[in-house]
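Visitor: Need the 3D shape of this:
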Amino acid sequence: MTEETIMQLVTENVFGVWFLIGAALVFWMQAGFAMVEAGFTRAKNTGNILMKNLMDFCIGTVVFILIGFSLLLGEDLLGFIGKPGFDIFTAYGDFDFSSFVFNLVFCATTATIVSGAMAERTKFLSYCIYSGVISALIYPIEAHWIWGGGWLAQLGFHDFAGSCCIHMVGGISALIGAAFLGPRIGKFTKDKAGKIVKVNAFPGHNLALGCLGCFILWFGWYGFNGAACTSVEQLGSVLLTTTVAPAIATVVCMVFTWLKYGKPDVSMCMNASLAGLVAITAPCDVTDCLGAIIIGIVAGLLVVFGVWLLDYKLHVDDPVGAVAVHMMNGIWGTIAVGLFATTSAPGNDSVVGLFYGGGFHQLGLQLLGVISVGAWAAVCITVTFVVIKATVGLRVTEEEEIIGLDATEHGLSSAYAGFALMDISNTMTMEVNENTDLGESEYETASEIQKNAAIKVEAMPVSSTGIYKVVIISKLTKYDHLKKAMNELGVTGMTVTQVMGCGIQKGAGEKYRGVEMDATLLPKVKVEVVVSKIPVEKVVDAAKKALYTGHIGDGKIFVYDVAQVVKVRTGEEGIAALQDVE
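Guide: As a prediction, this is how the structure comes out:
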């Protein structure tokens, strides 16, 4: 055996092992999808989301064994489908184990994408059904056209790792599914004529979880794009483009949202990272660094546009941005092959894009693939949703949605046992105060009318005991000022509680994913003091001065009669019981 033969065998075995390691990395992406989706949605649905992402893979495995794998990689029939068969049972000794595992994990990814866009209002049974349909029929047949020797592959269409056949297909299915379902309760505000006049933000309950999922997905994407490489040079180039595109997309998104919304949007930047990864997936093996940079720039802008388009124009509720990330950037990445493919990329000697002297031939093939695969996915998933809606139903009841799917679909009181959770999302909205700025930010120069408008004081009673309880509700940011003011008066005993307060300040709302947030419930602090020797008027005046910023909603003060005070430790009563806290 020659040295060259030995090296060839070693290389084949090394890349055979890497192929399976890549498959394991793609499987690990299921955890990333679960974390992103859970983090971007509300806590009351976390268990449901985790269960769906688990069952995506498990149900997908069952149907892929039965029919999916043979439809994808079976003997080609007229360029349309693979020949159905059961070689996994009848000819196991000669079965291509590695190919099965590799294609299975890719198949499961397609179904997972749909989960995020339809989150928080889909029946679990219905989800299991359409997830199975995607893995059994929709994905395997169109993937056969591209990767199984089908008609698109024969024409020369190129999608190295799945921008088209995985991400675009999943994104189209997500868009149609979300449209069939309708928005979550409270997502859109309508006028009396039924016209949508406002979009409401539902912030994700745990962006730390979402960020973890983003990093897991990025890590797994090195297997997603790189597993099929057959040389070190090609693998290195693929990992380079797979790193550059999402990084550029994220920076562009950060700068754009910073300029457009006044602050860099955290969750949108996470979406941008994934958008860049989706966009580079098809051309990762045929483009160079410059191409990856341009692809990333477009992806970073396209994801923001996509979220805006769904919210403000299409009025389709996509809680995690799945359509903007996967459908729009899946389309963009597929088209990008026809623009940025170059033979300078290792392993590519035939695919050349428009901007590298290849003319319109490859671009035309890529557009043909987008249209044909998109049409197949749209028709099949529409039929699937129509049948499900007409039989078992697609959406949970209004009551179940409000309570949360963890409790109603799975019998979980919470996915966070031991933690007290409050859903403060906008299931109910309030009218906005038209003007909260009183025109004077300094307490000393403000008029009494301005002071009383900013900090309302309930009418002070006349106490027969000379003891008063003062309850002060203020913003969290003003607590230190208030505490200092009370201490300077001689009040050292205070009871402090964090509470949630209702109220909206027009124009002061922050933006979440480009949507202004209605702060129907805001974190507040409640301070309670009991005084006797210190005049209650001084306490009220000091509190008003400490809290005043010149806006309606600076705070509220309540004054109550106290009939009796008892110090438990000493048994002292009345004014005597207060002497060490004044």
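Visitor: got a list of what residue 37 touches?
Guide: Shown in contact with residue 37 (Cβ atoms under 8 Å, 6 or more residues apart in numbering): 49, 53, 115, 116, 119, 213, 319, 320. No exception for glycine: its C-beta is placed from N, CA and C like everyone else's.
Visitor: What does the pLDDT read for residue 283?
Guide: pLDDT, residue 283: 98.
Visitor: Would you mind listing the buried residues in stretch 167-185?
Guide: Neighbour counts over stretch 167-185 (16 or more other Cβ atoms under 10 Å) mark 167-181, 183-185 as buried.
Visitor: In strands only, show me those residues.
Guide: In strands, judged by DSSP state E, none of the buried residues of stretch 167-185 are found.
Visitor: where's residue 313 relative to residue 136, distance?
Guide: 34 Å (Cβ to Cβ, to the nearest Å).
Visitor: and those two? which has more neighbours close in?
Guide: Each of residue 313 and residue 136 has its neighbours counted (other Cβ atoms under 10 Å); residue 136 has more, 21 against 8.
Visitor: you'd agree the more buried one is up against residue 69?
Guide: No. Residue 136 is beyond contact range of residue 69, at 10.1 Å (criterion: Cβ atoms under 8 Å).
Visitor: And for the residue of the chain positioned farthest from its centre, nearest residue in space, chain neighbours not counted?
Guide: Largest separation from the mean C-alpha position in the chain: residue 464, at 58.1 Å (Cα atoms, centre = their mean). Nearest non-adjacent residue to residue 464, counting by Cβ to Cβ, 6 or more residues apart in numbering: residue 561, 7.6 Å away.
Visitor: Bridge partners for residue 525, pull those for me.
Guide: On the basis of DSSP bridges, residue 525 is bridged to residue 474, residue 498.
Visitor: Look at it and say how many residues are nearby.
Guide: Using other Cβ under 10 Å, residue 525 has 20 neighbouring residues.
Visitor: ok, it to residue 489 distance?
Guide: 18 Å.
Visitor: Flag the shaky bits of the protein, pLDDT-wise.
Guide: Judged against pLDDT under 70, the low-scoring parts of the chain cover residues 1, 3, 7, 10, 420-439, 459-463, 502-510, 517-522, 580-582.
Visitor: Swap in 80 and give it another go.
Guide: Within the chain, the segments meeting pLDDT under 80 span 1-12, 418-441, 449-456, 458-465, 477, 492, 500-523, 552-553, 575-582.
Visitor: so is the residue farthest from the centre of the chain in a helix, a strand, or just coil?
Guide: Under DSSP: H, G, I helix; E, B strand; the rest coil, residue 464 falls in the coil class.
Visitor: show me the contacts for residue 447.
Guide: Contacts of residue 447 were listed using Cβ under 8 Å, 6+ apart, and they are residue 440.
Visitor: 7 Å - rerun?
Guide: By Cβ atoms under 7 Å, 6 or more residues apart in numbering, no residues touch residue 447.
Visitor: and if you look at the one 5 residues further on?
Guide: Shown here is residue 452, which makes no contacts under the criterion Cβ under 7 Å, 6+ apart.
Visitor: any idea how far it is from residue 266?
Guide: Distance from residue 452 to residue 266, counting by Cβ to Cβ: 39 Å.
Visitor: again with residue 398
Guide: To residue 266, residue 398 is 31 Å away according to Cβ to Cβ.
Visitor: Those two - which one has more neighbours?
Guide: Between residue 398 and residue 266, counted using other Cβ under 10 Å, the more crowded position is residue 266 (16 against 10).
Visitor: show me what contacts the residue nearest to the more buried one when sequence neighbours are not counted?
Guide: Computed as Cβ to Cβ, 6+ apart, the closest residue to residue 266 that is not its neighbour in sequence is residue 207, at 5.9 Å. By Cβ under 7 Å, 6+ apart, residue 207 lies in contact with 39, 266, 267.
Visitor: The first one against residue 203, yeah?
Guide: No. In terms of Cβ atoms under 7 Å, residue 39 does not count as a neighbour of residue 203; the distance is 10.5 Å.
Visitor: In space, what's closest to residue 79 - neighbours in sequence excluded?
Guide: residue 151 (3.5 Å).
Visitor: tally of neighbours for the one you found?
Guide: 15.
Visitor: With residue 484 instead?
Guide: Here the number of neighbours of residue 484 (other Cβ under 10 Å) works out to 12.
Visitor: ok but it is inside a helix, no?
Guide: Yes. Assessed by three-state DSSP, residue 484 belongs to a helix.
Visitor: Quick check: it vs residue 493, distance?
Guide: 15 Å.
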